[in-house]
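**Student:** Structure for the following, please:
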Amino acid sequence: MFSIIGIVGVFGAVLAGFLMEKGQVAVLMQPSELVIIGGAAVGTLLAANPMHVLKKIVFDLTRIVKGSMFSKQRYLDSLKMMFALFNKARKDGMAGIESDIEEPEKSALFTKYPSFMANHHIRDFVCDTMRMAITGGASTFDVDQMMELDMDVHHAGASQPANALSTMADALPGLGIVAAVLGVVITMSSLGGPPEEIGRKVASALVGTFLGILLCYGLVGPLAANLSKLNDEEHAYYYVLRVVMLSFIKGMSPLLAIEMARRAIPEHVRPSFQEVEKSCRQKDASPMPAEEAA
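**Tutor:** This next block holds a predicted model:
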């Protein structure tokens, strides 16, 4: 939501300043320039990225509107879920959570947390890691390496849409110059005509450069930066899950493993020790619905 407000603010401030200098809005209405720049920018995006990245771009743009899903409540619910899982493993043995890990969609423990079940990447990250811990064939170091590899692969894939939009933003000023040069060519072919007509064509050419720069630094560039930050927040969430599982696999108690993970949570959404303890001890607490976490 704040991204939309920011973009509206950028365009509003530019337009307000233009009007304050007695500029005519009609001069900025140059559909041909917008077709050249916008069409060429979309073309570069299609040419530079495979279909799965293009689909991710469309999906990630909806994430910008919704904002970050990794709030303090999301972390509290996740730590509470892992605390319950670890306690069950301590009480019944690692074999006691095997059914939960193998079929999480049928697990009475996991199904209490819709936000966890709704994201199959996160669900598989937890279940696949704990499956390795149950089998006992991998050392703690090996399990940690597996988690790190999984996180790196996921983060690289999640970063592709942001990188694609950033490349598109870098191309926009150049495409604006292309539109301006074409406008100059048209203007030169009209030399000898009425001064008013030449003036309009020069203005149209300059609008091309203006649009390219504005779309780069006022729209596409900020969207790419926002996506990058959302990906960093998701990576931080994976890191917290990695810390909590690795701590338990090393032999720490469930409460100590949860505290280790709490220390790894980014400061702006990190709950206090008392909040985590209360959440973990409160059996009847309702976790965040999936639609609020998405």
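**Student:** Let's verify the residue lying closest to Asn163 once chain neighbours are set aside: helix, strand, or coil?
**Tutor:** Once flanking residues are discounted, Asn163 sits nearest to Ala224: 7.7 Å by C-beta to C-beta, 6 or more residues apart in numbering. Any C-beta I mention is one placed from the backbone N, CA and C, and that applies to glycine too. What DSSP: H, G, I helix; E, B strand; the rest coil gives for Ala224 is helix.
**Student:** Spit out the contact partners of Ala224.
**Tutor:** For Ala224, the residues meeting the contact criterion (C-beta atoms under 8 Å, 6 or more residues apart in numbering) are 162-163, 165-166, 168-169.
**Student:** repeat that with 7 Å
**Tutor:** Contacts for Ala224 (C-beta atoms under 7 Å, 6 or more residues apart in numbering) come out as 162, 165-166, 169.
**Student:** go on, Leu241?
**Tutor:** Leu241 neighbours (C-beta under 7 Å, 6+ apart): 125-126.
**Student:** Find the helix or strand that the residue lying closest to Leu191 once chain neighbours are set aside is a member of.
**Tutor:** Spatial nearest neighbour of Leu191, excluding adjacent residues (C-beta to C-beta, 6+ apart): Ile198 at 7.0 Å. Using DSSP states H and E, Ile198 sits within helix 195-215.
**Student:** Counting by contacts, list what that helix packs against.
**Tutor:** helix 31-48, helix 140-188 (3 or more C-beta pairs under 7 Å, 6 or more residues apart in numbering; DSSP states H and E).
**Student:** Which residue is the nearest non-sequential neighbour of Gly96?
**Tutor:** Nearest non-adjacent residue to Gly96, counting by C-beta to C-beta, 6+ apart: Lys88, 5.8 Å away.
**Student:** repeat for Val184
**Tutor:** Per C-beta to C-beta, 6+ apart, closest to Val184 is Ala205, 5.2 Å.
**Student:** Please report how far Val25 lies from Tyr217.
**Tutor:** 21 Å (C-beta to C-beta, to the nearest Å).
**Student:** the more surrounded of these two?
**Tutor:** Tyr217 (14 against 9; other C-beta atoms under 10 Å).
**Student:** got the contact list for the most centrally placed residue in the chain?
**Tutor:** When C-alpha atoms, centre = their mean is applied to the chain, the residue found nearest the centroid is Leu230 (3.4 Å). For Leu230, the contact set (C-beta under 7 Å, 6+ apart) comprises 63, 68.
**Student:** Go ahead and list the helix or strand containing it.
**Tutor:** Assigned by DSSP H and E, Leu230 belongs to helix 221-249.
**Student:** and the angle for that helix with helix 195-215?
**Tutor:** 10 degrees (axes from the mean of the first three to the mean of the last three C-alpha atoms, to 10 degrees).
**Student:** Return the distance of helix 221-249 from the chain's centre.
**Tutor:** Here the centre of helix 221-249 is set off from its chain's centre by 10 Å, with C-alpha atoms, centre = their mean, to the nearest Å.
**Student:** Same question for stretch 93-110.
**Tutor:** 30 Å.
**Student:** ditto for stretch 252-266
**Tutor:** Worked out by C-alpha atoms, centre = their mean, stretch 252-266 lies 25 Å from the chain centre.
**Student:** Buried residues, it. List them.
**Tutor:** 252, 254, 257-262, 264-265 (16 or more other C-beta atoms under 10 Å).
**Student:** now swap in stretch 122-132 and tell me
**Tutor:** 122-123, 125-127, 129-130, 132.
**Student:** With stretch 170-187 instead?
**Tutor:** Result for stretch 170-187 [16+ other C-beta under 10 Å]: buried residues 171-173, 175-176, 178-180, 182-184, 187.
**Student:** what's the answer for stretch 210-217, then?
**Tutor:** So, applying 16+ other C-beta under 10 Å, buried residues of stretch 210-217: 210-212, 214-216.
**Student:** Contacts for that stretch next, please.
**Tutor:** Stretch 210-217 has contacts (C-beta under 7 Å, 6+ apart) with 14, 33-34, 37, 169, 172-173, 175-177, 179.
**Student:** any idea which of these is closest to Arg63?
**Tutor:** Of all the contacts of stretch 210-217, Arg63 sits closest to Ala169, with 17.9 Å by C-beta to C-beta.
**Student:** Dump the helices and strands packed on helix 195-215 into CSV; add mean pLDDT as well.
**Tutor:** Listed next are those as CSV, based on pLDDT from 0 to 100:
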stretch, mean pLDDT
helix 31-48, 92
helix 140-188, 92
